[in-house]
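A.B. asks: build me a structure from this.
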Amino acid sequence: MDEDEQRIRDHLMVVDALVQAMDRRHEVLQVIDDSEDVDEAIRRVGQLLGVDEFGSRVILDLQFRRLTRDQRQALAAEAEKLRSKLPNGR
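C.D. replies: Okay, the predicted model is just below:
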(Lines give C-alpha, C1' and ligand atoms only; values in the text may rest on other atoms or scores of the structure.)
Protein backbone atom coordinates (compact mmCIF):
# COMPACT_ATOMS: atom_id res chain seq x y z
CA MET A 1 0.00 0.00 0.00
CA ASP A 2 1.46 3.35 -0.99
CA GLU A 3 1.47 6.49 1.14
CA ASP A 4 -1.45 8.12 -0.70
CA GLU A 5 -3.64 5.05 -0.23
CA GLN A 6 -2.78 4.89 3.48
CA ARG A 7 -3.61 8.58 3.87
CA ILE A 8 -6.98 8.03 2.18
CA ARG A 9 -7.70 4.99 4.36
CA ASP A 10 -6.83 6.92 7.54
CA HIS A 11 -9.03 9.84 6.52
CA LEU A 12 -11.87 7.48 5.57
CA MET A 13 -11.65 5.79 8.98
CA VAL A 14 -12.17 9.16 10.68
CA VAL A 15 -15.04 10.18 8.39
CA ASP A 16 -16.74 6.79 8.78
CA ALA A 17 -16.41 7.03 12.58
CA LEU A 18 -18.03 10.47 12.54
CA VAL A 19 -20.90 9.33 10.30
CA GLN A 20 -21.49 6.32 12.52
CA ALA A 21 -21.45 8.51 15.64
CA MET A 22 -23.94 10.89 14.05
CA ASP A 23 -26.23 8.02 13.11
CA ARG A 24 -26.09 6.68 16.67
CA ARG A 25 -25.79 10.04 18.43
CA HIS A 26 -28.26 9.20 21.19
CA GLU A 27 -26.33 6.08 22.16
CA VAL A 28 -23.00 7.90 21.89
CA LEU A 29 -24.19 10.77 24.07
CA GLN A 30 -25.57 8.32 26.64
CA VAL A 31 -22.24 6.45 26.79
CA ILE A 32 -20.37 9.72 27.22
CA ASP A 33 -22.79 10.92 29.89
CA ASP A 34 -22.50 7.63 31.79
CA SER A 35 -18.68 7.66 31.71
CA GLU A 36 -16.76 8.60 34.83
CA ASP A 37 -14.00 10.42 32.92
CA VAL A 38 -12.65 11.09 29.42
CA ASP A 39 -10.56 7.92 29.29
CA GLU A 40 -13.59 5.80 30.08
CA ALA A 41 -15.66 7.69 27.49
CA ILE A 42 -12.99 7.07 24.84
CA ARG A 43 -12.91 3.37 25.65
CA ARG A 44 -16.69 2.99 25.77
CA VAL A 45 -17.33 4.95 22.55
CA GLY A 46 -14.73 2.78 20.84
CA GLN A 47 -16.47 -0.36 22.06
CA LEU A 48 -19.90 0.93 21.05
CA LEU A 49 -18.89 1.87 17.53
CA GLY A 50 -16.00 -0.51 16.92
CA VAL A 51 -13.48 2.26 16.33
CA ASP A 52 -9.94 2.69 17.62
CA GLU A 53 -8.80 5.21 20.22
CA PHE A 54 -8.07 7.88 17.62
CA GLY A 55 -11.56 7.50 16.16
CA SER A 56 -13.07 7.72 19.64
CA ARG A 57 -11.14 10.91 20.38
CA VAL A 58 -12.32 12.46 17.12
CA ILE A 59 -15.91 11.60 18.07
CA LEU A 60 -15.52 13.11 21.55
CA ASP A 61 -14.18 16.28 19.91
CA LEU A 62 -17.23 16.50 17.63
CA GLN A 63 -19.02 19.81 17.92
CA PHE A 64 -22.79 19.77 18.21
CA ARG A 65 -23.16 21.95 15.12
CA ARG A 66 -21.80 19.01 13.11
CA LEU A 67 -24.90 16.96 14.02
CA THR A 68 -27.11 18.73 11.51
CA ARG A 69 -28.49 16.78 8.59
CA ASP A 70 -26.50 18.76 6.03
CA GLN A 71 -23.23 18.12 7.87
CA ARG A 72 -23.95 14.39 8.04
CA GLN A 73 -24.74 14.33 4.32
CA ALA A 74 -21.51 16.19 3.56
CA LEU A 75 -19.50 13.66 5.59
CA ALA A 76 -21.25 10.73 3.90
CA ALA A 77 -20.46 12.24 0.49
CA GLU A 78 -16.84 12.72 1.53
CA ALA A 79 -16.65 9.08 2.61
CA GLU A 80 -17.98 7.94 -0.78
CA LYS A 81 -15.48 10.16 -2.58
CA LEU A 82 -12.63 8.68 -0.52
CA ARG A 83 -13.86 5.14 -1.17
CA SER A 84 -13.90 5.80 -4.91
CA LYS A 85 -10.17 6.54 -4.75
CA LEU A 86 -9.36 3.16 -3.21
CA PRO A 87 -8.86 -0.11 -5.07
CA ASN A 88 -12.20 -1.96 -5.18
CA GLY A 89 -13.76 0.91 -3.20
CA ARG A 90 -12.42 -0.47 0.07
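
A.B. asks: now do the helices in the protein.
C.D. replies: Using DSSP state H, the helices of the chain run over 3-23, 25-34, 38-49, 53-60, 69-84.

A.B. asks: and the last one with helix 25-34, angle?
C.D. replies: For the pair helix 69-84 and helix 25-34, the angle between their directions (axes from the mean of the first three to the mean of the last three C-alpha atoms, to 10 degrees) equals 100 degrees.

A.B. asks: may I see the buried residues of helix 69-84?
C.D. replies: 72, 75, 76, 78, 79, 82, 83 (16 or more other C-beta atoms under 10 Å). The way it works is simple: take the backbone N, C-alpha and C, and place the C-beta from them, glycine included.

A.B. asks: which elements pack onto that helix?
C.D. replies: helix 3-23 (3 or more C-beta pairs under 8 Å, 6 or more residues apart in numbering; DSSP states H and E).

A.B. asks: what of the first one?
C.D. replies: Contact partners of helix 3-23 among helices and strands, from 3+ C-beta pairs under 8 Å, 6+ apart: helix 38-49, helix 53-60, helix 69-84.

A.B. asks: what's the closest non-adjacent residue to residue 5?
C.D. replies: Excluding its sequence neighbours, the residue lying closest to residue 5 (C-beta to C-beta, 6 or more residues apart in numbering) is residue 86, at 6.6 Å.

A.B. asks: leaving out the residues flanking it, which one is nearest to residue 31?
C.D. replies: Residue 31 sits nearest to residue 44 (C-beta to C-beta, 6+ apart), 4.7 Å away.

A.B. asks: how about that neighbour, what does it touch?
C.D. replies: By C-beta atoms under 8 Å, 6 or more residues apart in numbering, the contact list for residue 44 reads 31, 32, 34, 35.

A.B. asks: from residue 5, how far off is residue 74?
C.D. replies: Computed as C-beta to C-beta, to the nearest Å, the residue 74 to residue 5 distance reads 23 Å.

A.B. asks: coming back round to it: put the buried members of the contacts of residue 44 into a PyMOL selection.
C.D. replies: Buried residues among the contacts of residue 44 (16+ other C-beta under 10 Å), as a PyMOL selection:
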select buried, resi 31+32+35
